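Undergrad: Sequence first, predicted coordinates after that:
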Amino acid sequence: MSLTETTYWVVGASFALYVVIAIRSRASTTQEFYVAGKGIHPIANGMATAADWMSAASFISMAGLIGLSYNGYGGSVFLMGWTGGYVLLAMLIAPYLRKYGKFTVPEFIGDRYYSNTARIVAVLCLIICSVTYVIGQMKGIGVAFSRFLETDYETGLLSGMVIVFFYAVLGGMKGITYTQIAQFCVLIFAYTVPAIFISLQLTGQPIPQLGLGGTLADGSYLLHKLDHILLDLGFQEYTTALRGSTLNMAAFTASLMIGTAGLPHVIIRFFTVPTVRAARTSAGWALLFIAILYTTAPAVAAMARLNIIQILEPETGQALLIEERPAWFKNWERTGLLEVEDKNGDGRIQYHADPNRNELVKLDNDILVLANPEIANLPNWVIALVAAGGLAAALSTAAGLLLAISSAISHDLLKRTLMPQITERQELMASRLAMSLAVLGAGYLGLNPPGFAAGTVALAFGLAAASLFPALFLGIFSQRVTREGAILGMLSGISVTLMYVFQHKGIMFIPGTSFLGDLSPNWFFGIEPNAFGVVGAMVNFAVTLTVTRFTPAPPDEVRRLVERVRVPVS
Amino acid sequence: MGEPVSQQTREIYWRENRRLMLILGFFWFVVSLGCGVLWVEPLNHIQMGGFKLGFWFAQQGAIYSFILLTFIYALAMARLEKRLGLEEPDE
């Protein structure tokens, strides 16, 4: 069987599984549609949360971001940021919102801040964060299809949309939860199998997390060797290369952490478990399942980088002849992820940090994960598995985001604000309709991605950190914070962050409109736009607390609501 | 739902909860932004097997610690709730 055939079988089987699950878990009430009937076991919810969380970016791009773009140590911001947020979520947000016991994040903000304006501002912030995020997933689906199944991008995207449409519209949160559990199993298996093989081949150690600190065949430490080779090639040392400055790394990490704890599609997963206690343990399980991938990724990053360098320089001082490059190399050149240009005409591929000397002119981040099984000579079924895993990661995150968007529209905008008189049946219809529209909208944006689609995932975190997290945190931990404070806080936090991003990356990311230029000397204390969420969050906190001092205290029922969410019973 | 909880029990629960959060939050900061970013340089002078210690915290250790902290919080809170009679009925 050819590789493409195998891939069709494996991906087809995984899709069939998702459809079967969808048919078996249709939602018949709004409670099932929004929060899966609140009956999900904490471990099962942990798996679903892990799949919800780990997107196409985590699966396909993160190892490459760490290993290539951020040259090793600098990439730690993603590893710490995207896991450390769960500690905040477990302690500061999830248990109390579960106790609150309703359906959406804007709903809590609206009730706690006794204001439909606050509710609508929260819906707006939610939509801005989630839409920037979902575009990346739709693109991931299209790209994964076109690379592995040799379809064109549009066909791939449409197939993905049909699948999501099927289980998200039919089953709502209930269908999404059970498919996400299946998707977690597919994606984690697909990620770890190639990693185990590559670790065995390089270090003789089957556990990649240990292999990263292990020794190579010549007895030297893997990381030590990588440091030396990269220094020789003109790069910075792998284990110490900073991303920008220490301050920038700290801000970036903190933005991702706070953003994680403020992203609605993750928070609503914790509404599906039966108790507050279960919400806390479930966060632990989610983190454990996520950590399987997140501690493997840095090993994949270092090992794949070393592998590629050693393939390009089979003997010391002797670069690889272009004609002798392996078959996988040629395959990936066809996709445009790899590109060679023989600048000095010696028929060999020189890889170097200096762009004038470097002849591997294109080395895409995604190569580290996508080509890994081929680099390590693994059988076809493993390569097919990576395709199914990448699709599972993208589909599960897309579905979670679409649910967050559609429930904000059907529940917060329609039921709680515009048409409170509709019945539950009508609301369920409305939520299915909102979900269908959200899928179509996301598909449209995936087909016509606005210029900013690349790198928007990190931005979504900054926006969530600057807008929703402070409102949720203060809403639980303070009884005094007022609606005026929260509304102005959310608006100023999200505006400051968006403006900072726009002035450096262009207004609505249109090139040429970035009046300060995307240049590090113009960055505020050297903080890059993606890392600015933490500053936005501080602005939000400051504005909220200042305005609160000058506005009348919230009514008594709000004080009682806060008391009620803080304690698990009564 | 259930019997009303006395104001005193609420206050003890919330005070203990915040104390626990502060302690665990301190460790959360130390293992990630501390050992992984701010003090990474001096820690990198310590070699642990094939890892520089600072690098290990940033790419491995912080994550393991986060898992531990989250489960410790869940267990400690469950114990506190048992002690104060604030356990939720299982469904």
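TA: Structure's in. What do you need?

Undergrad: Locate residue A:294 within the secondary structure: which element?
TA: In this assignment (DSSP states H and E), residue A:294 forms part of helix A:276-312.

Undergrad: Go through that helix and flag the buried ones.
TA: For helix A:276-312, burial by neighbour count (16 or more other C-beta atoms under 10 Å in any protein chain shown) applies to A:276-309, A:311-312. The way it works is simple: take the backbone N, C-alpha and C, and place the C-beta from them, glycine included.

Undergrad: Of these, which are in range of chain B?
TA: Counting by C-beta under 8 Å from any C-beta of the partner chain, A:276-277, A:280-281, A:283-284, A:287-288, A:291, A:294-295, A:298 from the buried residues of helix A:276-312 sit close to chain B.

Undergrad: Return the backbone torsion pair for residue A:272.
TA: For residue A:272, the backbone dihedrals (degrees, to the nearest 10) come out as phi -90, psi -10.

Undergrad: so how far is chain A from residue B:15?
TA: Distance, residue B:15 to chain A, using C-beta to the nearest C-beta, to the nearest Å: 11 Å.

Undergrad: which parts of the stretch 301-450 of chain A sit against chain B?
TA: Applying C-beta under 8 Å from any C-beta, one finds that the stretch 301-450 of chain A does not approach chain B at all.

Undergrad: Below-threshold pLDDT in the stretch 301-450 of chain A: ranges please.
TA: Where the stretch 301-450 of chain A drops to pLDDT under 70, the residues are A:449-450.

Undergrad: in it, which spans are helices?
TA: Assigned by DSSP state H, counting those that start in this stretch, the helices in the stretch 301-450 of chain A fall at A:327-334, A:367-370, A:372-375, A:380-407, A:424-447.

Undergrad: for chain B, same thing?
TA: For chain B, the helices defined by DSSP state H cover B:7-29, B:40-44, B:53-56, B:62-83.

Undergrad: which stretch among the ones you listed comes nearest residue A:340?
TA: helix B:53-56 (31.4 Å; C-beta to C-beta).

Undergrad: average pLDDT across that closest one?
TA: In this model, helix B:53-56 has an average pLDDT of 97.

Undergrad: any idea how far that helix is from the chain center?
TA: Distance, stretch centre to chain centre, for helix B:53-56: 21 Å (C-alpha atoms, centre = their mean, to the nearest Å).

Undergrad: check contacts around the residue of the stretch 1-150 of chain A found nearest chain B.
TA: Relative to chain B, the nearest point of the stretch 1-150 of chain A is residue A:76 (3.6 Å; C-beta to the nearest C-beta). Applying C-beta atoms under 8 Å, 6 or more residues apart in numbering or on different chains, one finds that residue A:76 lies in contact with A:66, A:249, A:253, A:298, B:36-37, B:55, B:58-59.

Undergrad: tell me the pLDDT at it?
TA: Looking at residue A:76, its pLDDT reads 95.

Undergrad: With residue A:46 instead?
TA: Residue A:46 is given a pLDDT of 96.

Undergrad: so which helix or strand takes in it?
TA: Using DSSP H and E, residue A:46 sits within helix A:42-53.

Undergrad: Look at residue 69 and say how many residues are nearby.
TA: Picking chain A for this. For residue A:69, the neighbour count with other C-beta atoms under 10 Å in any protein chain shown is 13.

Undergrad: think we crossed wires, I meant chain B
TA: Neighbour count for residue B:69, taken as other C-beta under 10 Å: 23.

Undergrad: circling back: what's the offset of the helix holding residue A:294 from the middle of its chain?
TA: 13 Å.

Undergrad: right, and residue A:299 touches residue A:212 too?
TA: Yes. If you go by C-beta atoms under 8 Å, residue A:299 and residue A:212 touch, sitting 4.1 Å apart.

Undergrad: which residues do those two both contact?
TA: residue A:199.
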